[in-house]
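Trainee: Here is a sequence together with a model predicted from it:
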Amino acid sequence: MISIKTRREIELMRAAGAIVAGALAEVERMVAPGTLTIDIDRVVEEYVTRRGAIPAFKGFRGFPASACVSINEEVVHGIPGPRRLNEGDIVSVDVGAIVEGYVGDAAVTIPVGRVSAESLRLIQVTRECLERAIAACVAGGRLSDIGHAVQTHAELNGFSVVRDYVGHGIGKSMHEDPQVPNFGPPGMGPVLRPGMTLALEPMINAGGSQVKVGPDRWTVVTADGSRSAHFEHTVALTEDGPLVLTAQE
């Protein structure tokens with residue numbers, strides 16, 4: 001069942017989202033060749049807790065950290081540790097925070113130092129896919145309009161869409177109904193209504209769409225070893241259009 005949020009609930013999610021945005025801004029400032037992924041996690045946890053929120057990922061289904069940190073061919077759910085970022089890497093960082101029981105969730109992909117033109121293009125197109133997903137969050141539309149917008153833009157640019165992992169409803173739980181695929185035909189699925197809150201998260205691969213889970217049983221990687229980028233925002237549908245709840249203040 002899809003939850004319709006009150007104005008008060010959306011404001012709490014917006015408060016959580018502002019903390020997520022702030023944590024990601026801290027990460028973007030610190031990422032450089034030589035940065036340890038565990039230090040990214042430390043900065044995220046310290047920022048979220050200092051702002052009076054709870055890190056949403058730590059302990060969620062057993063995940064051991066406050067941030068997911070995924071490098072190059074790692075799509076999502078990378079576990080922070082002693083690994084260093086290298087010049088030319090791209091790193092995706094996913095962060096969640098809880099305020100008074102309500103969740104905000106967002107992700108960015110960041111270039112590390114000087115990266116290839118193709119990696120920069122992958123990052124840019126994935127960011128644009130998220131922008132198109134947000135623009136499709138119009139009351140009266142259909143859920144599949146969102147995924148269709150993402151798939152169309154990614155494939156027109158020669159990239160592929162991860163199909164095994166999708167966006168999701170969000171609110172009092174990290175994952176609520178509905179699932180929000182990043183692919184599919186338009187005009188299908190539930191009607192989009194004001195009060196819906198969705199975590200939109202295109203995961204776009206430079207190569208094929210297939211992925212697999214690594215030996216740690218968390219980290220998802222591209223099956224062909226190609227690079228992947230990931231952007232995410234938590235969005236509320238309103239009568240006046242989409243409202244991004246994880247935008248930087």
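Mentor: Sure thing, it's come through.

Trainee: Show the pLDDT at D105.
Mentor: As predicted, D105 sits at a pLDDT of 98.

Trainee: Measure how buried it is and give me the count.
Mentor: 28 (other Cβ atoms under 10 Å). C-beta: built from backbone N, CA, C; applies to glycine.

Trainee: Wasn't it part of a strand?
Mentor: Yes: assignment of D105 by DSSP: H, G, I helix; E, B strand; the rest coil places it within a strand.

Trainee: With just CA atoms, put the lengthiest helix in the chain into CSV.
Mentor: Within the chain, and with DSSP state H defining each element, the longest helix by residue count is helix 7-30. What follows is helix 7-30, C-alpha atoms only, in CSV (Å, rounded to 0.1, in the frame of the first residue of the first chain):
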residue,chain,number,x,y,z
ARG,A,7,2.3,18.2,5.3
ARG,A,8,3.9,17.6,8.8
GLU,A,9,5.4,14.3,7.7
ILE,A,10,6.8,15.8,4.6
GLU,A,11,8.4,18.6,6.7
LEU,A,12,10.1,16.0,8.9
MET,A,13,11.4,14.2,5.8
ARG,A,14,12.6,17.5,4.6
ALA,A,15,14.5,18.0,7.8
ALA,A,16,16.1,14.6,7.5
GLY,A,17,16.8,15.4,3.8
ALA,A,18,18.6,18.6,4.7
ILE,A,19,20.9,16.7,6.9
VAL,A,20,21.6,14.1,4.2
ALA,A,21,22.4,16.9,1.8
GLY,A,22,24.8,18.5,4.2
ALA,A,23,26.6,15.3,4.8
LEU,A,24,27.0,14.7,1.1
ALA,A,25,28.3,18.2,0.7
GLU,A,26,31.0,17.5,3.4
VAL,A,27,31.9,14.3,1.4
GLU,A,28,32.2,16.2,-1.8
ARG,A,29,34.6,18.6,-0.2
MET,A,30,36.8,15.9,1.2
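
Trainee: Give the other helices and strands that it contacts.
Mentor: Helices and strands in packing contact with helix 7-30 are listed as helix 37-50, strand 90-99, strand 102-111, strand 197-200, strand 233-238, strand 241-244; criterion 3 or more Cβ pairs under 8 Å, 6 or more residues apart in numbering; DSSP states H and E.

Trainee: any chance of those in JSON lines, plus distance to I4?
Mentor: Shown next, in JSON lines, are the helices and strands packed on helix 7-30 (distance: least, Cβ to Cβ, whole Å):
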{"stretch": "helix 37-50", "distance to I4": "27"}
{"stretch": "strand 90-99", "distance to I4": "20"}
{"stretch": "strand 102-111", "distance to I4": "14"}
{"stretch": "strand 197-200", "distance to I4": "9"}
{"stretch": "strand 233-238", "distance to I4": "9"}
{"stretch": "strand 241-244", "distance to I4": "14"}
